[in-house]
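S.K.: Quick one: sequence plus predicted model below, questions after.
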Amino acid sequence: MDRQEIEDLIARVALQDRAAFEQLYDRVSAKLFGVCLRVLNSRAAAEDAMQDTFVKIWNNADRYNSNGLSPMTWLITIARNTAIDRLRARKKGHQNLDSPGFELVAPGPTPEQSAVNASEAAKLAGCLETLEGDRGQAIRGAYLDGETYADLAVRFNVPLNTMRTWLRRGLIALRECMSL
Amino acid sequence: MSDVNDTAPDDEMLAAEMVLGLASEQDTAAARQRMASDAAFSTKVVFWYERMTALTDDIDPVKPPARVKKKLFAQVFARQKVSILQRVWLWQGVAMASLLFAGYLGVQLLKVTTHPDIPPPVLAAQLDSDSSPLRVLAVLEPVKNEIALRRVAGEPVPNRSFELWAILPDQAPVSLGVLPDSETTRVAIPPSWRDQTAQMTLAISDEPIGGSPTGAPTGDVLAIGAMTNL
């Protein structure tokens, strides 16, 4: 994906440019649909989630620049969070995830500064492998399947507090591994 | 990232858990608040968003069916069409002061035009929108008090009517009638509006045959444009 091209399209969508919205859709919808399908595992649900995703993109494109994320991270995160909200909506007491950039954020890094290059991103997979026990699997489960601490505790058959401590240690180790 | 070692672990965990969707409702609400004012914290959140998104790297793109795009565009642009009218009203509200000034100028011009050598101002509008191919040019003929319309793009839709509306600042649209299928047509300007044509916006909506049953636009706004002085 050409980062600059996607960024330009988002900037034009922020100005309510319909042609740019259509180009952005043609450019990224297959990736976002793939992400929705992976999370929801149902074509009908993934179609709805993706439609929602693009409505959010249209309505919030003017806030993209202030959130400090690279363009594909922003788009994929909206799709992932929207899909996980749909997955979790079946459960009682679910609170929707917030997508980044839908509210004002303190000036932090610019998208250029925070951009992760390919080799840095590839580190994540390697780092998850190095984590002790099934912690890598638990982190994947939270991100890609929307599993909560309670879900993970059941899956790994440990008490909730143990699960929480265990996964946090995994995150600290992951942070250190990725920053090397 | 050189701040790894002096990073408070609690903040780091809060950022990561928020990104993963593991944080409690309370923690998430607190984190959102902090992001608005605490750049160091929002940098951590960005770090985790960027890194975790790599988990989607090996998800293959899947082309979505064409109907999704169709449904999406109908949803997004149906809503926008409504807001075009709202925006026109808002804009005209904001521009009220300048419109009053324009009105004053209009009166001055009217006085001037009583002088036979000076031609009256020409008002015209181009009506269009991003959501429809319809494009219509409208020219005001002050002597006859008519608006001459020419359809330059778009076709009449079978079993539907195009209805022309005039909108003045802060007022609901008033129908100027259903347009015939011909390329050119003329409509009369209501006498009470004749001194306000400079502030007029014209719009064409999609309506059932014979026009809106309610007296207000019921269908999509297909084309819209404000009168400008040429």
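M.R.: Cool, got the structure. Numbering: from 1, shown residues only, chains lettered A, B, ... in the order given.

S.K.: wait, is A:Glu132 part of a helix?
M.R.: No - secondary structure of A:Glu132 (DSSP: H, G, I helix; E, B strand; the rest coil): coil, not part of a helix.

S.K.: Thought A:Leu174 was touching it, still the case?
M.R.: No - using Cβ atoms under 8 Å, A:Glu132 makes no contact with A:Leu174, being 10.9 Å away. (C-beta placed from N, C-alpha, C; glycine too.)

S.K.: Between these two, which is the more surrounded one?
M.R.: Applying other Cβ atoms under 10 Å in any protein chain shown to A:Glu132 and A:Leu174 shows that A:Leu174 carries more neighbours, namely 23 against 10.

S.K.: Report the contact partners of the more buried one.
M.R.: The contact partners of A:Leu174, by Cβ atoms under 8 Å, 6 or more residues apart in numbering or on different chains, come to A:Leu124, A:Cys127, A:Leu128, A:Leu131, A:Ile139.

S.K.: Using the three-state scheme, assign it.
M.R.: Recorded secondary structure, A:Leu174: helix (three-state DSSP).

S.K.: For it, report the pLDDT, please.
M.R.: You'll see A:Leu174 listed with a pLDDT of 91.

S.K.: tell me which of the contacts of A:Leu174 is nearest to B:Gln199?
M.R.: Set against B:Gln199, the nearest of these by Cβ to Cβ is A:Leu124 (59.1 Å).

S.K.: Please, which helix or strand holds that closest one?
M.R.: If you go by DSSP states H and E, A:Leu124 is part of helix A:118-130.

S.K.: next SSE after that helix?
M.R.: helix A:135-145.

S.K.: Greatest separation within the contacts of A:Leu174: which pair is it?
M.R.: Pairwise across those, and taking Cβ to Cβ, the largest span is found between A:Leu124 and A:Leu131, at 11.1 Å.

S.K.: neighbour-wise, which of those two wins?
M.R.: More crowded of A:Leu124 and A:Leu131, by other Cβ under 10 Å: A:Leu124, with 22 against 19.

S.K.: Pop out the phi and psi values for the residue of chain A positioned farthest from its centre.
M.R.: If you look at how far each residue of chain A sits from its centre, by Cα atoms, centre = their mean, the farthest one is A:Pro159, at 27.4 Å. Dihedral pair for A:Pro159: phi -60, psi 150, per degrees, to the nearest 10.

S.K.: what pLDDT does it get?
M.R.: At A:Pro159, the pLDDT value in this model is 96.

S.K.: what secondary structure does B:Ala124 sit in?
M.R.: strand.

S.K.: actually B:Asp181, not the one I wrote
M.R.: Taken by three-state DSSP, the conformation at B:Asp181 corresponds to coil.

S.K.: neighbours around it, how many?
M.R.: Residues lying near B:Asp181 (other Cβ under 10 Å) number 12.

S.K.: Quick one: low-confidence residue ranges for chain B.
M.R.: Along chain B, segments meeting pLDDT under 70 span B:1-9, B:79-121.

S.K.: Off-centre distance for the longest strand seen in chain B?
M.R.: Identified as the longest strand of chain B according to DSSP state E is strand B:132-141. Relative to its parent chain, strand B:132-141 has a centroid offset of 17 Å by Cα atoms, centre = their mean, to the nearest Å.

S.K.: Which helix or strand lies directly C-terminal to it?
M.R.: Of the helices and strands lying after strand B:132-141 in sequence (DSSP H and E), the nearest is strand B:146-153.

S.K.: Paired strands for that following strand, with orientation please.
M.R.: Paired neighbours of strand B:146-153 in the sheet (DSSP bridges): strand B:132-141 (antiparallel), strand B:184-188 (antiparallel).

S.K.: Now do it: everything it contacts.
M.R.: Here strand B:146-153 makes contact (Cβ under 8 Å, 6+ apart) with B:128, B:133-141, B:164, B:176, B:179, B:183-189, B:202.

S.K.: which of these count as buried?
M.R.: Using 16 or more other Cβ atoms under 10 Å in any protein chain shown as the burial test, the contacts of strand B:146-153 include B:128, B:134-140, B:164, B:176, B:179, B:185, B:187, B:189, B:202 as buried.

S.K.: Averaged over its residues, which helix or strand of chain A has the lowest pLDDT?
M.R.: helix A:111-114 (a mean of 56; mean pLDDT, DSSP states H and E).

S.K.: Can you list the residue ranges for strands in chain B?
M.R.: Using DSSP E, strands in chain B cover B:123-129, B:132-141, B:146-153, B:160-167, B:174-178, B:184-188, B:201-208, B:221-226, B:228-229.
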